[in-house]
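Student: coordinates for the following, if possible.
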Amino acid sequence: MKSRLIALLVLISSFGFSQKDIFLHINPTFNSVNFNLNTNYTGLDGKVINLDHFNYYISDVVLTHDGGIQTAVVDPVFLFTPLDFGFYLGSYNIQQIEQLNFLVGVSSRYNTQSGSEAVDISTYPATNPLSFQTPSMYWGWQFGYMHMIVGGNADSNNDQIPDAYFEMHNLGDHNQRVVQMPVVPTNTTATQADIYLQCNIEQWLRNMPLATVGVLHDQIGLNDSIMANVNQFPVFTQPLNAGLMENSAPEVLVYENVVSWKNLEASNLKIIDMSGRIISNDKLLESSGNLSLGLNTGLYWIQIYLDNGTPILSKKCLIVNP
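Tutor: So this is what the prediction gives:
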């Protein structure tokens with residue numbers, strides 16, 4: 001009788017877990033509004049700034065679920081930019097996600113020549129986030145990857161006009177930061193869960209004298225302090241009602257042979273092969289949807305523009321034809 005009860009409990013437990021596609025979205029915001037490059041914002045110090053780039057890596061993502069079970073995400077590294085901040089984490093046997101852990105920056109095992117899994121950057125395929133990027137996220141074999149980069153102009157004389165150029169490009173194996181946070185996923189369907197977070201840029205830039213820093217490419221001083229902000233201030237947060245609502249920011253995801261978009265205004269999808277030939281140039285008639293691309297396996301540029309010419313996504317992608 002006891003063995004039958006155990007068998008029944010095991011059977012019930014096995015039915016409690018289901019394979020789910022997990023997506024992570026970290027929407028960049030500034031003072032609680034959706035962030036855009038080349039736009040004036042007022043920082044926490046009252047200074048007006050205008051950013052022309054803001055990119056960062058996260059790595060070693062771990063999902064805690066179903067009463068404390070930990071599952072490491074297969075892909076080790078992701079590169080977040082203001083135009084590319086939603087990623088497919090994979091399909092896992094998960095019922096309910098409880099916590100998210102990740103490292104801000106490139107894990108030391110991939111970083112610098114001393115990393116146990118580090119390889120020459122030129123050996124990565126073009127679609128790998130550790131391959132060459134524009135702007136560059138790599139400082140060289142000795143110093144490794146830049147965990148985050150930010151640059152633009154800041155108001156230097158209180159006239160509300162950003163006029164002083166700055167760059168803060170952070171590197172160093174001691175500058176990665178661990179983030180651990182409870183999360184409430186949005187169970188979009190029975191087989192899909194989306195984790196919606198915010199990256200609060202004004203908090204990440206807190207206490208940074210951007211109008212006077214000039215160009216800093218290093219691992220000490222202010223570049224150490226800006227990474228410390230990740231743990232000292234609410235840089236990464238989740239809305240309290242995250243499980244009840246979806247992200248309202250425009251977003252595009254490309255995975256396998258499908259492009260998926262949400263919350264777009266009237267826009268156009270252009271697909272270009274590696275020879276520069278335009279494969280298709282289509283109007284997206286709905287604000288949200290999915291489109292099966294039907295492309296042969298290979299590298300393509302996926303570009304999406306609003307009708308006014310504003311770029312939403314321009315990304316080199318590996319399309320896989322199952």
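Student: need the helices for this structure, in chain order.
Tutor: With helices called from DSSP state H, the chain shows them at 2-16, 201-204, 222-232.
Student: list the helices and strands the last one packs on?
Tutor: What that stands for is helix 222-232. Other elements packing on helix 222-232 under the criterion 3 or more C-beta pairs under 8 Å, 6 or more residues apart in numbering; DSSP states H and E are strand 148-154, strand 164-170, strand 177-182, helix 201-204. For the C-beta atoms, the positions are set from N, CA and C on the backbone; glycine is no exception.
Student: dump those into CSV; add distance to Thr123 as well.
Tutor: Putting the helices and strands packed on helix 222-232 into CSV (distance: least, C-beta to C-beta, whole Å) gives the following:
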stretch, distance to Thr123
strand 148-154, 22
strand 164-170, 23
strand 177-182, 27
helix 201-204, 31
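Student: would you single out the least confident of the helices of the chain?
Tutor: Lowest mean pLDDT of those: helix 2-16, a mean of 39.
Student: between the helices and strands packed on helix 222-232, which one is nearest to Pro311?
Tutor: strand 148-154 (17.2 Å; C-beta to C-beta).
Student: quick one: Leu293 from Leu299, how far?
Tutor: Distance of Leu293 to Leu299, given as C-beta to C-beta, to the nearest Å: 13 Å.
Student: swap that for Ser275, please
Tutor: When Ser275 is compared with Leu299 (using C-beta to C-beta), they lie 11 Å apart.
Student: between those two, point out the one with more neighbours.
Tutor: A direct count of neighbours by other C-beta atoms under 10 Å for Ser275 and Leu299 places Leu299 higher, at 13 against 5.
Student: hang on, the more buried one packs against Met274?
Tutor: Yes. In this structure, Leu299 is within contact of Met274 by C-beta atoms under 8 Å, at 5.2 Å.
Student: domain map for this protein?
Tutor: 16-244, 251-319 (automatic domain parsing).
Student: point out the most buried one among those.
Tutor: Each of the domains of the chain was scored by mean neighbour count; the highest is domain 16-244, a mean of 17, by mean count of other C-beta atoms under 10 Å.
Student: quick one: it to chain centroid distance?
Tutor: The chain centroid and the centroid of domain 16-244 are separated by 6 Å under C-alpha atoms, centre = their mean, to the nearest Å.
Student: any weak-confidence spans in the chain?
Tutor: 1-17, 240-250, 266, 312, 322 (pLDDT under 70).
Student: mind listing the shared neighbours of Leu293 and Leu299?
Tutor: Ile319 (C-beta atoms under 8 Å, 6 or more residues apart in numbering).
Student: report all helices and strands that the longest strand anywhere in the chain contacts.
Tutor: Using DSSP state E, we find that the single longest strand of the chain is strand 48-65. Applying 3+ C-beta pairs under 8 Å, 6+ apart, we find strand 48-65 packed against strand 19-30, strand 40-42, strand 69-72, strand 77-80, strand 86-93, strand 97-104, strand 148-154.
Student: which strands and helices sit next to the last one?
Tutor: Okay, so that is strand 148-154. In terms of contacts (3+ C-beta pairs under 8 Å, 6+ apart), strand 148-154 is packed against strand 48-65, strand 164-170, helix 222-232.
Student: what lines up beside that strand in the sheet?
Tutor: Sheet pairing here is set by DSSP bridges, and for strand 148-154 it gives strand 48-65 (antiparallel), strand 164-170 (antiparallel).
Student: I'd like to know which of those strands is closest to Ser91.
Tutor: strand 48-65 (12.0 Å).
Student: on that earlier part again, make CSV from the strands paired with strand 148-154 and add distance to Thr81 to it.
Tutor: Listed next are the strands paired with strand 148-154 as CSV, based on distance: least, C-beta to C-beta, whole Å:
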stretch, distance to Thr81
strand 48-65, 5
strand 164-170, 14
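Student: how about the ones you listed, which one is nearest Tyr88?
Tutor: Distance to Tyr88, taken as C-beta to C-beta, is lowest for strand 48-65 among these, at 11.7 Å.
Student: can I get the CA coordinates of the closest one in PDB?
Tutor: Provided in PDB are the C-alpha atoms of strand 48-65 (Å, rounded to 0.1, in the frame of the first residue of the first chain):
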ATOM      1  CA  VAL A  48      20.200  67.000 -18.200                       C
ATOM      2  CA  ILE A  49      21.900  64.200 -20.100                       C
ATOM      3  CA  ASN A  50      21.500  62.700 -23.600                       C
ATOM      4  CA  LEU A  51      22.800  59.100 -24.200                       C
ATOM      5  CA  ASP A  52      24.000  57.800 -27.500                       C
ATOM      6  CA  HIS A  53      24.800  54.300 -26.200                       C
ATOM      7  CA  PHE A  54      24.000  52.200 -23.200                       C
ATOM      8  CA  ASN A  55      24.800  48.500 -23.400                       C
ATOM      9  CA  TYR A  56      25.500  45.800 -20.800                       C
ATOM     10  CA  TYR A  57      26.000  42.100 -20.500                       C
ATOM     11  CA  ILE A  58      24.300  39.700 -18.200                       C
ATOM     12  CA  SER A  59      25.500  36.100 -17.700                       C
ATOM     13  CA  ASP A  60      24.900  32.900 -15.700                       C
ATOM     14  CA  VAL A  61      21.200  33.300 -15.400                       C
ATOM     15  CA  VAL A  62      19.600  30.900 -12.900                       C
ATOM     16  CA  LEU A  63      15.900  30.300 -12.500                       C
ATOM     17  CA  THR A  64      14.600  29.200  -9.000                       C
ATOM     18  CA  HIS A  65      11.200  27.500  -9.300                       C
END
